[in-house]
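Need a 3D model of the following:
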Amino acid sequence: MELVCPAGSLSALRQAVDHGADSVYLGFRDATNARNFAGLNFDDASLSEGVDYAHARNRKVFLALNTYPKHDTLSVWKKAVDRAAAANVDALIVADPAILQYAAKTYPGLHLHLSVQASATNAHAIHFYHEHFGIRRAVLPRVLSLEQVQSVISSTPVEIEVFGFGSLCVMVEGRCLLSSYVTAQAPNNSGICSPAAAVRWKQTPEGMESRLNGVLLNRCLQHESSAYPTLCKGRFEVSGERYYAFEEPASLNALALLPALMEMGVSAIKIEGRQRSPAYVAQVTGIWRQAIDLCKDPDSVYQTYPAWMAGLEKVAEGQQYTLGAYHRAWK
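Predicted coordinates for the structure are as follows:
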């Protein structure tokens, strides 16, 4: 089982590699990747340096081209494929079929991974991308139960990668309209959800309010943790009940499920967080490296040590974690 860790910067890449990542994933400083935040990501020079650092230590580098170009911007995404191939990355993580087709035809030796943004939630969809574009791996959206993940794995020869830790994304990934409705910046085209310029917090007598472009998303009492405000993790009134109707502001933490994921044949565990700090990357990578190694050891009995869970809780969204859709009774 491969440990795939985030790198929003060259420093984060080094931390991931040094703390045990088998692979790192990153993106360019433009709208071709879904973490297009100011101050993050790679230009050609830093990408080359990062690839050299990883390859010198026998680790892999994946480059995410996981957003969707508009009809008049396709050339930007194609050029990004060219830049990635020139940098000798080990694989591209791609969502859009047009980009998959271009990469498959232009660089037939370059491995292609189907991005979570492609929203392939069943084996038939994965077969389509495998047959037409030769994908080697598919990253499953964070909306499937364990039973559904196992069903997909047993029905396809394509490697399956799942998320193990990090921020959750509402419903079927790659199709988000909520943030773009409020901010006029579509995550799937401009690569940013809830841009920081639109985020505001304000202390009121009723509690700490969080707003996105003026729209009230949440109001937290003093004892409640307040996570970064995204519209899908706001509280809504539904049928007279006010609650987190779409997604709770908590991080996915599947550490307890690691033996089950390994037994069913998951090829890779992905850690979310290219927008997070190098310290976050080091902390989470180190814990998951220990856990995977323990789970692989035939002479050891796997357990989730309290120190591991406490370490992950410190960096979890709102300092809370959940098993998400792996074990969830939906309303």
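
Which parts of the stretch 101-250 of the chain are strands?
111-114, 137-139, 159-167, 199-204, 207-212, 215-220, 236-238, 241-243 (DSSP state E, counting those that start in this stretch).

is it true that Val116 touches Leu168?
No - Val116 is beyond contact range of Leu168, at 11.5 Å (criterion: C-beta atoms under 8 Å). C-beta: built from backbone N, CA, C; applies to glycine.

which residues are common contacts for those two?
Applying C-beta atoms under 8 Å, 6 or more residues apart in numbering, one finds that Val116 and Leu168 are jointly contacted by Arg142.

okay, these two: which has more neighbours?
Set Val116 next to Leu168 and count neighbours by other C-beta atoms under 10 Å: Val116 wins out with 28 against 24.

List the contacts of the more buried one.
Counting by C-beta under 8 Å, 6+ apart, Val116 has contacts Asn66, Val139, Leu140, Pro141, Arg142, Phe163, Cys169, Glu173, Gly174.

Turn the residues you listed into TSV, columns for pLDDT, distance to Glu237 and neighbour count.
Shown next, in TSV, are the contacts of Val116 (pLDDT from 0 to 100; distance: C-beta to C-beta, whole Å; neighbours: other C-beta atoms under 10 Å):
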residue	pLDDT	distance to Glu237	neighbour count
Asn66	94	33	28
Val139	97	34	27
Leu140	96	32	24
Pro141	92	27	22
Arg142	90	25	24
Phe163	97	30	23
Cys169	78	23	25
Glu173	72	25	25
Gly174	66	28	21
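
residues contacting Ala34?
By C-beta under 8 Å, 6+ apart, the neighbours of Ala34 are Gly27, Ala64, Asn66, Thr67, Gln117, Pro187, Asn188, Gly191, Ile192, Cys193.

Excluding chain neighbours, what is closest to Ser11?
Closest residue in space to Ser11, ignoring its immediate chain neighbours: Pro278 at 4.5 Å, by C-beta to C-beta, 6 or more residues apart in numbering.

pLDDT wise, what is Ala64 at?
Here, the pLDDT recorded for Ala64 equals 98.

Partner strands of the helix or strand harbouring it, with direction?
Under the criterion of DSSP states H and E, Ala64 resides in strand 60-65. Strand 60-65 has its sheet partners listed here by DSSP bridges as strand 23-26 (parallel), strand 91-94 (parallel).

Output the helix or strand just after that strand as CSV, nothing but the C-alphas.
Sequence-wise, the next helix or strand downstream of strand 60-65 (DSSP H and E) is helix 74-86. Extracted in CSV, the C-alpha atoms of helix 74-86 (Å, rounded to 0.1, in the frame of the first residue of the first chain):
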residue,chain,number,x,y,z
LEU,A,74,-7.7,24.2,-23.3
SER,A,75,-4.2,25.2,-24.6
VAL,A,76,-3.2,26.2,-21.0
TRP,A,77,-4.0,22.7,-19.7
LYS,A,78,-2.2,21.0,-22.7
LYS,A,79,0.9,23.1,-22.1
ALA,A,80,0.8,22.0,-18.4
VAL,A,81,0.9,18.4,-19.6
ASP,A,82,4.0,19.3,-21.7
ARG,A,83,5.6,21.0,-18.8
ALA,A,84,5.0,18.1,-16.5
ALA,A,85,6.3,15.5,-19.0
ALA,A,86,9.5,17.7,-19.4
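
Go through helix 74-86 and flag the buried ones.
Within helix 74-86, the residues scored as buried using 16 or more other C-beta atoms under 10 Å are Trp77, Lys78, Ala80, Val81, Arg83, Ala84, Ala85.

about what we covered before: now the strand holding Ala64 against helix 74-86, angle please.
In terms of direction (axes from the mean of the first three to the mean of the last three C-alpha atoms, to 10 degrees), strand 60-65 departs from helix 74-86 by 170 degrees.

Quick check on the closest residue to Gly164 other than its chain neighbours: phi, psi?
Excluding its sequence neighbours, the residue lying closest to Gly164 (C-beta to C-beta, 6+ apart) is Ile269, at 4.0 Å. Dihedral pair for Ile269: phi -110, psi 130, per degrees, to the nearest 10.

Right, I'll leave it there.
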